[in-house]
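*Asks:* only geometry, no sequence info:
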């Protein structure tokens, strides 16, 4: 409800969205949860407000996952803009037409393939079929779901170089409650 009110007030969605039925609101909430980036500013795990907010980004939220990504993201607060900025930076050479991928999981955790697949299924509702997972664990069972996202690919006129970056401003939400709970 709060998400919709904010989006309507900012002109991001039509006024008619303010009267979304609960089922449609649940779909919107799920889209935000699956495509949003957690932003904690300076909060640490266990602090009040930690892991409460989501930020959505027009293009960066469309990046698919890989356990061996070719770009990484960094969320920062820009005081001059009063907004969260998500900067992606290439971490290897990227060919024209190559899909840009980020890791949805923190790479520093060094998880094995089974744990990565378990966490991705639990939090993002898909089983990873990236080249790294296929090499380490083989193909998943045929009954496991496939991601249904459209990939964002590199083009020479906009692809980040290894020493370059690209950034995007986001819209942050910390009210993802179901309207039926209010």
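*Replies:* Looks like it came in fine. What you see is a predicted model, and the numbers here were worked out from it, not measured in a lab.
*Asks:* so in this structure, which helix runs the longest?
*Replies:* helix 22-35 (DSSP state H).
*Asks:* for it, name the packing helices and strands.
*Replies:* helix 2-9, strand 54-56 (3 or more CB pairs under 8 Å, 6 or more residues apart in numbering; DSSP states H and E). In short, each C-beta sits where N, CA and C put it, glycine included.
*Asks:* would you mind finding the most buried of these?
*Replies:* Each of the helices and strands packed on helix 22-35 was assessed for mean neighbour count using mean count of other CB atoms under 10 Å. The highest is strand 54-56, with a mean of 23.
*Asks:* where do the helices sit along the chain?
*Replies:* So, for the chain - with DSSP H - the helices run 2-9, 22-35, 113-124, 131-137.
*Asks:* could you tell me the least trusted of these?
*Replies:* Sorting the helices of the chain by mean pLDDT places helix 2-9 lowest, at a mean of 74.
*Asks:* low-confidence stretches in this protein?
*Replies:* In the predicted model, the chain carries pLDDT under 70 at residues 1-4, 52, 142-182.
*Asks:* please repeat the previous calculation with a cut-off of 80.
*Replies:* Applying pLDDT under 80 to the chain flags residues 1-8, 11-14, 16-20, 22, 25, 28-29, 40-45, 48-54, 58, 140-182.
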